[in-house]
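Asker: sequence unknown, structure follows:
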């Protein structure tokens, strides 16, 4: 089974930055698209950003410019750089791969999540 393990979350003040990391076992990120979801308290999951095997990236509205997704194939690690953080970015962030049919949903492979807390 594929395991995704996130790290890098923490507590920061508004305007701060964090780098989230995701390492995979049993697959390499040059073989699959990968993305990040987040879930804020009391809210549904939100797809934040994705990167495909060709390096093309996608971001949810309003996040491009503050967030940046990247992959280091040598380290088999995907990163999500969070910059100029706002209290509304407080959430658990999950690394995920799409379903076998290519859709982004809870049916894909997910990590356990890493908590990001932004204070004002």
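Answerer: Noted; the coordinates are in hand. Quick caveat: nothing in here was measured; it's all calculated off a predicted structure.
Asker: residues touching the residue nearest the centre of the chain, list them.
Answerer: In the chain, the centroid-proximal residue (Cα atoms, centre = their mean) is residue 36; its distance is 2.6 Å. By Cβ atoms under 8 Å, 6 or more residues apart in numbering, the residues touching residue 36 are 20, 22, 47, 48, 49, 50, 69, 80, 93, 94, 95, 96. Placement of C-beta: from N, CA and C, glycine included.
Asker: Ramachandran angles for it?
Answerer: Phi and psi for residue 36, reported as degrees, to the nearest 10, are phi -120, psi 130.
Asker: For it, give me the pLDDT.
Answerer: Note on residue 36: pLDDT of 98.
Asker: follow-up on the earlier one: tell me which of the contacts of residue 36 fall in helices.
Answerer: Assigned to helices by DSSP state H, none of these qualify.
Asker: Filter these down to the ones in strands?
Answerer: Counting by DSSP state E, the part of these found in strands is 20, 22, 47, 48, 49, 50, 69, 80, 93, 94, 95, 96.
Asker: Out of these, which end up buried?
Answerer: Buried members of these, scored by 16 or more other Cβ atoms under 10 Å, are 20, 22, 48, 49, 50, 69, 80, 93, 94, 95, 96.
Asker: Would you mind confirming that the first one is in contact with residue 7?
Answerer: What it means is residue 20. Yes - judged on Cβ atoms under 8 Å, residue 20 makes contact with residue 7 at a distance of 7.3 Å.
Asker: could the contacts of residue 36 be laid out in JSON lines, adding distance to residue 119?
Answerer: Below are the contacts of residue 36 laid out as JSON lines (distance: Cβ to Cβ, whole Å):
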{"residue": "20", "distance to residue 119": "18"}
{"residue": "22", "distance to residue 119": "24"}
{"residue": "47", "distance to residue 119": "25"}
{"residue": "48", "distance to residue 119": "20"}
{"residue": "49", "distance to residue 119": "23"}
{"residue": "50", "distance to residue 119": "28"}
{"residue": "69", "distance to residue 119": "24"}
{"residue": "80", "distance to residue 119": "20"}
{"residue": "93", "distance to residue 119": "17"}
{"residue": "94", "distance to residue 119": "22"}
{"residue": "95", "distance to residue 119": "24"}
{"residue": "96", "distance to residue 119": "27"}
